[in-house]
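Novice: Show me the folded form of this:
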Amino acid sequence: MTWGNALTWRRRIGLLLALAGLAACALVSIMVGSRWLGVGAVLDALLRPGDELAGADPTVAIVWGLRVPRTGFGLAVGAALGMAGALMQGLTRNPLADPGLLGVSAGASLAVVLSTGVLGVTSLTGYIWFAFAGAAVAAVVVFLLAARGVGGATPTKLALAGAGVTAMIGSLTTSLLLSDAATLDRYRFWSVGALSGQDPATLLQVLPFLAAGALLAAVVAPGMNVLSLGEDAARGLGQRIGLIRIAGVVAITLLAGAGVAVCGPIAFVGLVVPHIARAICGPDHRWVLAYSAVLAPALLLAADVFGRLVAYPDELHVGIVVAALGAPFFIAFVRRSRVAEL
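Specialist: Numbering: from 1, shown residues only. Below is the predicted model of the structure:
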C-alpha cells in the first residue's frame, strides 16, 4: 500500500470514528435533560413519532417535541459553523479567522436589533429572516470593499475589510441597544446563542440555505487547495481566483448566516474545529470540510449537554458553555501543537 493510499484510508477511518462519536453525542443529547431517559426508552420513542401528536406517551412527546428538534438544531448549525470556519480560514489564509470575520455575525445582530426595535418584530420566525438578510448584506459589503484596488479581494484585504465593517456595525448595534431597553431585553436572548426554545419549523426553513452552502463549499474546496499554493501558481494552473473567492464568500454567507440567524452568534466553534480537523487529516480542504462538518456539531452537542448537567435541573445556554470552554481549549491546543499555517 502506497503512502497516499494509507493516508486516504487513515482519513476515512478517522471520519467514520468521528461520525460514530457524533451519533453518540446526538443520542446523549436526546437522553439528558430535566427528565433523564434511558437508551431503550429513547430508541423506542424514536420508532413511534406518531404517538407524540396523539399524546399517548409523555416520553415520546418529550423526545419528538423537545429533544429531537434541539438535537437537530445542534447538528445543522454545528455543521454549518464548522464548514464556514474552515472556509473562512482557507479563504483568508488566516488561522485565527472565524465566520464572524466577514461581518456575518455583526450584520445579523444589527438586523435583529433593527427588526425588533424599529419594526416591532418580536417572534423568532419573524426576525430570523432579517438576521439572515443582515448577514448577507454585511458579507457583500465586506467583499466589495476588499475587491477595490489592485489585486482584488486578497486574503489580507478581506480580513481588514471584515474587521472594519464588524467594528462599525458593532458600534451602531450598541448605540441602538443602549437607547431602547425593550429592544435590549429581546436581543439578549438571541445573542447569547442557544439550541433550546427554537421553533422546529425554522430549521426546515433554513435547511435549503445550509444545503446550498455545503454544496458550494464542496465545489470550492479543490480550487482552494490550489489557491493555497499561491496566487501565481493557481493562475498558472488555470484557476479563476476571483471566482473561487466569490464562491467561497457566498458559501460562508449561506452557512454562517443561516446558522447565526437561527441560534444566534455562537463563538469559537468555527475557530477551533478546523484546527482540530487539520491536525487529524492534514491541509486538504476537502477533508478539512468533511471533518469540520462532523466534529463541529459533536462539539456543539457536547457543550449543550454539559450546560444541562452543570446547572441541573436548570441549564446554561450553549453559547455560554462554548465560549467558556472554547477559549482555554484553544489556548491549550495552540500551546501543545503547532497551528497549521494556511
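Novice: Only C-alpha atoms from now on, for both contacts and neighbour counts.
Specialist: Will do.
Novice: Residue 254 contacts residue 212, doesn't it?
Specialist: Yes - counting by Cα atoms under 8 Å, residue 254 does reach residue 212; the two are 7.3 Å apart.
Novice: Can you pull out the low-pLDDT segments for this structure?
Specialist: Counting by pLDDT under 70, the chain contains low-confidence ranges at 1-4, 50-56, 122-125, 151-153, 229-234, 236-238, 330, 333-342.
Novice: in it, which residue is closest to the centre?
Specialist: residue 81 (1.4 Å; Cα atoms, centre = their mean).
Novice: In contact with it, which residues?
Specialist: Residues near residue 81 by Cα atoms under 8 Å, 6 or more residues apart in numbering: 99, 255, 256, 259, 269, 270, 296.
Novice: circling back: more neighbours: residue 254 and residue 212, which one.
Specialist: Between residue 254 and residue 212, residue 254 has the larger neighbour count (other Cα atoms under 10 Å), namely 27 against 15.
Novice: Buried residues of the helix or strand where residue 289 lies, list them for me.
Specialist: Counting by DSSP states H and E, the element that carries residue 289 is helix 285-310. Using 16 or more other Cα atoms under 10 Å as the test for burial, helix 285-310 gives 285-309.
Novice: for stretch 314-324, same thing?
Specialist: Buried residues in stretch 314-324 (16+ other Cα under 10 Å): 315, 316, 317, 318, 319, 320, 321, 322, 323.
Novice: Relative to the whole chain's centre, how far out is the host helix or strand of the last one?
Specialist: Assignment of secondary structure by DSSP H and E places residue 323 within helix 318-336. Taking Cα atoms, centre = their mean, to the nearest Å, one finds the center of helix 318-336 at 16 Å from the center of the full chain.
Novice: now it against helix 285-310, angle please.
Specialist: Going by axes from the mean of the first three to the mean of the last three Cα atoms, to 10 degrees, helix 318-336 is angled at 120 degrees with respect to helix 285-310.
Novice: would a markdown table of the contacts of residue 81 with distance to residue 130 and secondary structure be doable?
Specialist: Shown next, in a markdown table, are the contacts of residue 81 (distance: Cα to Cα, whole Å; DSSP: H, G, I helix; E, B strand; the rest coil):
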| residue | distance to residue 130 | secondary structure |
| --- | --- | --- |
| 99 | 18 | helix |
| 255 | 16 | helix |
| 256 | 14 | helix |
| 259 | 13 | helix |
| 269 | 23 | helix |
| 270 | 22 | helix |
| 296 | 25 | helix |
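Novice: export those to a markdown table and tack on distance to residue 111?
Specialist: Converted to a markdown table, the contacts of residue 81 look like this (distance: Cα to Cα, whole Å):
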| residue | distance to residue 111 |
| --- | --- |
| 99 | 17 |
| 255 | 17 |
| 256 | 15 |
| 259 | 15 |
| 269 | 22 |
| 270 | 22 |
| 296 | 26 |
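Novice: out of those, which is most surrounded?
Specialist: Among those, residue 256 has the most neighbours (other Cα under 10 Å), with 36 neighbours.
Novice: Can you give me the distance of it to residue 224?
Specialist: 19 Å (Cα to Cα, to the nearest Å).
Novice: swap in residue 324?
Specialist: Look at residue 324 and residue 224: by Cα to Cα, they are 32 Å apart.
Novice: about what we covered before: out of the contacts of residue 81, which comes closest to residue 193?
Specialist: residue 259 (10.2 Å; Cα to Cα).
Novice: residues touching the closest residue to the closest one other than its chain neighbours, list them.
Specialist: Of all residues not flanking residue 259 in the chain, residue 77 sits nearest, at 4.9 Å (Cα to Cα, 6 or more residues apart in numbering). Neighbouring residues of residue 77 by Cα under 8 Å, 6+ apart: 258, 259, 260, 262, 263, 297.
Novice: Quick one: the strands in the stretch 51-200 of the chain, in order.
Specialist: Per DSSP state E, counting those that start in this stretch, the stretch 51-200 of the chain has no strands. Nothing in it meets that criterion.
Novice: Who are the packing partners of the helix or strand where residue 15 lies?
Specialist: Per DSSP H and E: residue 15 is located in helix 3-31. Other helices and strands packing on helix 3-31, by 3 or more Cα pairs under 8 Å, 6 or more residues apart in numbering; DSSP states H and E, are helix 39-46, helix 68-92, helix 269-281, helix 285-310.
Novice: in that helix, what's buried?
Specialist: 11, 15, 18-19, 21-22, 25-31.
Novice: Compute the inter-axis angle for it and helix 68-92.
Specialist: Going by the same axes, to 10 degrees, helix 3-31 makes 150 degrees with helix 68-92.
Novice: give me every residue that touches residue 139.
Specialist: Residue 139 sits next to 102, 103, 104, 107, 162, 249, 253 when contact means Cα under 8 Å, 6+ apart.
Novice: repeat for residue 322
Specialist: 266, 267, 268, 269, 300, 303.
Novice: rerun at 10 Å
Specialist: Residue 322 makes contact with 193, 266-269, 299-300, 302-304, 306-307, 329 under the criterion Cα atoms under 10 Å, 6 or more residues apart in numbering.
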